[in-house]
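[1] A predicted structure for the sequence below; I have some questions about it.
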Amino acid sequence: MNKNFSEWYDQNCATFRECTEKMIEILNTIIKGADVISPFITGRVKDRDSFLEKIERKKYDDITQMTDIVGTRVIAYTIKDAETICTLIGKELVLDDDNCIDKAKKKEADQVGYLSTHLIVLIPEKYLSKAEYEKFKDYKCEIQIRTLLQHAWAEIEHGEYKVMDGTAAFYDMKRQFNLTAAMLEVADKELQVLSDKIVDFKRRKDNGEFKPDSLSEHNMCKYLEQRFSSLPISRSFNDWEEIHKELNLYGIESIYDFEKCSNEMLINHIFSYFEKNELDKRVDFNYGTLVRSFMIMYNKERYFTRVWDRKWVSESAFIYDMWESYFSNPDYLRAHISRYEV
């Protein structure tokens, strides 16, 4: 092998650039149609100075020892997408297993930092049989696969801050990078959890297990926010499971059903009651209280016959007074609930 590495690089640089472009095309073909969010794919040829520096640092005496002259990078959105892409590349290209590295697997349990998978690949025969690929036989290419968050950390960490090495500030900077790496690793995993939930939701929706007006906590919160945004109450359910149970016992199985009992007369009563009392906000009045109020005021007999199990109590007489003021004769309500039970 020609030991004049500098001359060899200059003679082959143009071919390396062609190989990089072809590798990007191959990666796009492999990933196209996969069940992943479209990743970013980039490529580069190791520049002359970096090439020669690595030759010197690694004490290479054979050019075939250099495996990353041609380099590509695939930046995925989630951990699972990155894993899927690694699997697809492993099936479609020829892996140089001795030189492939998974940075995450090399770390101990108490270590954080750079996370990325580095695959060293060769172009397989099915491509080399085509004239446009023949010249790349035996060319090795490094493919780095990482998530978007891993990429952001690596790009900054690999930057010029290391010129501070040996100074007091370098220790603090390095520690900050490690702490950030730990937070981003947690964030990556949380994003994966959220992504999995979205995928599961779509699956259930496609299977007819979910309808847009179904009684989920999310749908009810969204619906109530749209209709009662100006009502000064707490915008959450303190106990969604209990309210959901009451709605089902009451006979409400969808938001459409709930709309029937939250009619304009009841809505006007609730708003006027708040205005009359000149209240800025009732922290004890939340979405659960609102839904229960509609059920009681719409059909108190149905609520106390089918639903009420005497388990709940109100945080104040304010809510009871609102219910009582709606009825011209509140005796039925009083017969079932005393102020001390509310």
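    Okay, I see it. Predicted model, so just to flag it, every value in this text is computed and none were measured.
[2] switch to C-alpha atoms for all contacts and neighbour counts from now on
    OK.
[3] Tell me, how many residues neighbour L194?
    Counted with other Cα atoms under 10 Å, residues neighbouring L194 total 12.
[4] does it sit in a helix or strand, and which one?
    Assigned by DSSP states H and E, L194 falls within helix 168-206.
[5] So for that helix, what gets flagged as buried?
    Within helix 168-206, the residues that qualify as buried are M173, F177, N178, A181, A182, L184, E185, D188, Q192, S195, counting by 16 or more other Cα atoms under 10 Å.
[6] pLDDT on that helix, on average?
    Average pLDDT, helix 168-206: 84.
[7] So which bits of the helix or strand that that helix is followed by are buried?
    The first helix or strand that comes after helix 168-206 along the chain, using DSSP H and E, is helix 217-227. When burial is assessed from 16+ other Cα under 10 Å, helix 217-227 yields the following buried residues: M220, C221, L224.
[8] so what's the closest residue to the first one other than its chain neighbours up against?
    If I follow you right, that is M220. Among residues not flanking M220 along the chain, I255 sits closest, at 7.2 Å (Cα to Cα, 6 or more residues apart in numbering). Contacts were defined as Cα atoms under 8 Å, 6 or more residues apart in numbering; by that measure I255 touches D213, S214, L215, M220, Y223.
[9] so where's the stretch 51-200 of the chain uncertain?
    By pLDDT under 70, the weakly predicted segments of the stretch 51-200 of the chain are 103-114, 159-163.
[10] One more pass at 80, please.
    In the predicted model of the stretch 51-200 of the chain, residues 102-115, 156-171 satisfy pLDDT under 80.
[11] Break down it into its helices, ranges please.
    If you assign secondary structure with DSSP state H, counting those that start in this stretch, the helices in the stretch 51-200 of the chain sit at 79-92, 125-128, 148-157, 168-206.
[12] could the ones you listed go into TSV alongside distance to D61?
    Conversion of these to TSV gives the following (distance: least, Cα to Cα, whole Å):
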stretch	distance to D61
helix 79-92	29
helix 125-128	28
helix 148-157	30
helix 168-206	34
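[13] so which of these gets nearest A335?
    helix 168-206 (44.4 Å; Cα to Cα).
[14] Who are the packing partners of the closest one?
    helix 79-92, helix 148-157 (3 or more Cα pairs under 8 Å, 6 or more residues apart in numbering; DSSP states H and E).
[15] Give me the angle between that helix and helix 148-157.
    Orientation note: helix 168-206 sits at an angle of 160 degrees relative to helix 148-157 (axes from the mean of the first three to the mean of the last three Cα atoms, to 10 degrees).
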